[in-house]
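Participant: no FASTA, just this:
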């Protein structure tokens, strides 16, 4: 058995579990190492099971990051996230493989790529109205898409939080809110406006959904994937552009809707601390980007 196999197995079955890493982070790390092992196989000619820690040296890791950026068109943020996963694995390996310390330390010394900090993208009121009007509410899928977009813009939930919502996570009436366990395993309850609560309650009742059913299901009442949400946002943005051309000039993703929620709160006079709590940020520094996006 090579030194890499037990280290990688221990990293996933012990290290990440002991640190109570979220399922989303584990899935991200899993995808990173699938890509890395595939790249290493092509580069070294060895099957993944034959790879040793020495095979994953700094030169190969640097080549992998370049491959992500240039061949897979990954952004700098994505490349840095992949590097974070690799550094986490090699930090664990440094405690278990003293005979590979030189290779490990060179990998840990790889710096993240620097990126330009662009202003966050968000939608204007007219663009939001056009987007929310785009789904065909005469069909069940259109009603689902409309409800998802309304909730996304009003609550600012992350796309993983939207896809993970079950009917039991939503309360209606006075103090209506959605319960989520977000990034960093932080629990929070995000308020719903009365109109959003009524819309969501009507959508759930139409489906006769049960408590454990997803609020926004795919076909067969399965939870939607994050890719499916990205596709539906892209689809309705194209439709919205027919009546609101300005939206076509923006790259609109589910996270853009989260930014839009934050900017609406900022324009409404909500303080940064409240916005940080609403969005599930660890501190108010993360909300500074919205101040810079609109100095008014």
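Facilitator: The structure has been received and is ready for your questions. A quick note: this is a predicted structure, and the numbers were derived from the prediction, not measured.
Participant: alpha carbons only for contacts and neighbour counts from here, please
Facilitator: OK.
Participant: so where's the chain shaky on pLDDT?
Facilitator: For the chain, the stretches with pLDDT under 70 are 1, 115-119, 182-185, 288, 290-296.
Participant: now do the helices in it.
Facilitator: 4-10, 16-18, 23-44, 58-70, 76-96, 101-108, 125-133, 140-155, 159-164, 194-207, 226-240, 254-267, 272-279, 288-293 (DSSP state H).
Participant: okay if I get these as TSV plus distance to residue 186 and mean neighbour count?
Facilitator: Listed next are the helices of the chain as TSV, based on distance: least, C-alpha to C-alpha, whole Å; neighbours: other C-alpha atoms under 10 Å:
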stretch	distance to residue 186	mean neighbour count
helix 4-10	26	16
helix 16-18	17	14
helix 23-44	13	16
helix 58-70	31	17
helix 76-96	20	18
helix 101-108	29	17
helix 125-133	28	18
helix 140-155	16	21
helix 159-164	12	20
helix 194-207	23	16
helix 226-240	20	18
helix 254-267	17	22
helix 272-279	10	18
helix 288-293	21	14
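Participant: in JSON lines: those, plus distance to residue 52.
Facilitator: Output for the helices of the chain, formatted as JSON lines (distance: least, C-alpha to C-alpha, whole Å):
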{"stretch": "helix 4-10", "distance to residue 52": "5"}
{"stretch": "helix 16-18", "distance to residue 52": "21"}
{"stretch": "helix 23-44", "distance to residue 52": "10"}
{"stretch": "helix 58-70", "distance to residue 52": "12"}
{"stretch": "helix 76-96", "distance to residue 52": "12"}
{"stretch": "helix 101-108", "distance to residue 52": "11"}
{"stretch": "helix 125-133", "distance to residue 52": "51"}
{"stretch": "helix 140-155", "distance to residue 52": "45"}
{"stretch": "helix 159-164", "distance to residue 52": "34"}
{"stretch": "helix 194-207", "distance to residue 52": "52"}
{"stretch": "helix 226-240", "distance to residue 52": "33"}
{"stretch": "helix 254-267", "distance to residue 52": "38"}
{"stretch": "helix 272-279", "distance to residue 52": "42"}
{"stretch": "helix 288-293", "distance to residue 52": "42"}
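Participant: residue 181: which of those helices is closest?
Facilitator: helix 159-164 (7.4 Å; C-alpha to C-alpha).
Participant: and for that closest one, what's in contact with it?
Facilitator: By C-alpha atoms under 8 Å, 6 or more residues apart in numbering, the surrounding residues in contact with helix 159-164 are 148, 152, 180-182, 214-216, 223-226, 229, 254-255.
Participant: let me know the closest of the residues you listed to residue 100.
Facilitator: Within these, distances to residue 100 taken as C-alpha to C-alpha reach their minimum at residue 182, with 36.5 Å.
Participant: mind checking the helices of the chain for the one nearest to residue 51?
Facilitator: helix 4-10 (6.6 Å).
Participant: which residues sit against the closest one?
Facilitator: Residues contacting helix 4-10 (C-alpha under 8 Å, 6+ apart): 49, 51, 52, 53, 89, 92, 93, 96.
Participant: picking up where we left off before, residue 174 is nearest to which of the helices of the chain?
Facilitator: Judging the helices of the chain by C-alpha to C-alpha, what sits closest to residue 174 is helix 194-207, at 8.2 Å.
Participant: which other helices and strands contact the closest one?
Facilitator: helix 140-155 (3 or more C-alpha pairs under 8 Å, 6 or more residues apart in numbering; DSSP states H and E).
Participant: check the offset of the helix it packs on from the chain's centre.
Facilitator: The chain centre lies 18 Å from the centre of helix 140-155; the measure is C-alpha atoms, centre = their mean, to the nearest Å.
Participant: repeat for stretch 6-18
Facilitator: 23 Å.
Participant: just to revisit the earlier point, show me the one of the helices of the chain that comes nearest residue 247.
Facilitator: Distance to residue 247, taken as C-alpha to C-alpha, is lowest for helix 125-133 among those, at 6.0 Å.
Participant: which strands and helices sit next to the closest one?
Facilitator: So helix 125-133, by 3+ C-alpha pairs under 8 Å, 6+ apart, packs with helix 140-155, helix 226-240.
Participant: now distance to residue 259 too, for these, in a markdown table please.
Facilitator: Formatted as a markdown table, the helices and strands packed on helix 125-133 follow (distance: least, C-alpha to C-alpha, whole Å):
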| stretch | distance to residue 259 |
| --- | --- |
| helix 140-155 | 8 |
| helix 226-240 | 14 |
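Participant: nearest to residue 81, out of the ones you listed?
Facilitator: Nearest to residue 81 among the helices and strands packed on helix 125-133 is helix 226-240 (17.6 Å), distances taken as C-alpha to C-alpha.
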